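*Asks:* sequence first, predicted model second:
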Amino acid sequence: MSSAAVVNYNDLEAAKKQELQTQIQRRLRDKVQGSHDGIRLSVLRLVVDGHYERATEEIDRFVESKTQYPRFEMRSRPFKKHCKDLIFAIESKRHFPGLSQLSSSKHQELFDKVVEHFEELKNILIKIEIVEKEEKVKDLKSTVILVRAFWTCLFTVIVVAFALAVVTDGLAFSMNVVFDDALNKTLEKVFAVF
């Protein structure tokens, strides 16, 4: 045999696998651009970088941190579960066994599925953010109702206290004296004429 270079197929397969992972990562990173700051951005970045376990932990942490909204956890539970399923699906497709041995059309099909799952994950995270905003609005509305009720009660107490003060001793007595005096003077003038 000549001194030609010996081809190491394992190295070629590893290089092709790395190239495919880089392509997927680049494609997913393009999908993250323009996302707003919050749970969506942090989870999507973790998924793009391949930190799937941390991404699911981030979703759990976010949902559990909203204890000030009692219904948030219950309303977001199905979305949280679906997000975890999508993250697992993305992970399994990105680390598909024998990925480098598949044909180009199968690579493209797998890439498209990964992007589809990623877009769906993004949409589900948006739904979780919408649920959070709805719960914030409900909380704000209930706070407004509570403040209005407080001011209505305070106003009612002040009006009743004023009415009691008028009727019992203060102003009612003074008005009675003035009215009685005016009536007496009027009657004296009427009887003086006859």
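*Replies:* Ah, there it is.

*Asks:* and the strand or helix carrying Asp85, how far from the chain's centre?
*Replies:* Using DSSP states H and E, Asp85 sits within helix 72-94. Remark: helix 72-94 is offset 16 Å from the chain centroid, using Cα atoms, centre = their mean, to the nearest Å.

*Asks:* how close does the spatially most central residue of the chain get to Arg94?
*Replies:* Closest to where the C-alpha atoms of the chain average out (Cα atoms, centre = their mean) is Glu132, at 2.2 Å. Counting by Cβ to Cβ, to the nearest Å, the gap from Glu132 to Arg94 is 29 Å. C-beta coordinates here come from the backbone N, C-alpha and C atoms, glycine included.

*Asks:* so where's the chain uncertain?
*Replies:* Applying pLDDT under 70 to the chain flags residues 1-18, 20-21, 23-25, 27, 29-37, 99-100, 169-172.

*Asks:* how far off helix 72-94 does the top helix by length along it point, in degrees?
*Replies:* Taking DSSP state H as the criterion, the chain has its longest helix at helix 104-168. On the basis of axes from the mean of the first three to the mean of the last three Cα atoms, to 10 degrees, helix 104-168 is oriented at 170 degrees to helix 72-94.

*Asks:* sorry, back to before: thinking the residue nearest to the centre of the chain is in contact with Gln68, fair?
*Replies:* No. When contacts are counted by Cβ atoms under 8 Å, Glu132 is not listed as touching Gln68 (10.8 Å).

*Asks:* who are the packing partners of the longest helix of the chain?
*Replies:* In terms of contacts (3 or more Cβ pairs under 8 Å, 6 or more residues apart in numbering; DSSP states H and E), helix 104-168 is packed against helix 9-32, helix 39-48, helix 52-65, helix 72-94.

*Asks:* run the last query once more with 10 Å
*Replies:* Packing contacts for helix 104-168, counted by 3 or more Cβ pairs under 10 Å, 6 or more residues apart in numbering; DSSP states H and E, involve helix 9-32, helix 39-48, helix 52-65, helix 72-94, helix 170-193.

*Asks:* closest one to Ser105 among these?
*Replies:* Of all the helices and strands packed on helix 104-168, helix 9-32 sits nearest to Ser105, with 13.6 Å by Cβ to Cβ.

*Asks:* kindly report the domain assignment for this structure.
*Replies:* 9-142, 152-193 (automatic domain parsing).

*Asks:* most packed of the ones you listed?
*Replies:* For the domains of the chain, the largest average neighbour count (mean count of other Cβ atoms under 10 Å) is found in domain 9-142, namely a mean of 15.

*Asks:* starting at the chain centroid, how far to that domain?
*Replies:* Relative to its chain's centre, domain 9-142 lies at 17 Å (Cα atoms, centre = their mean).
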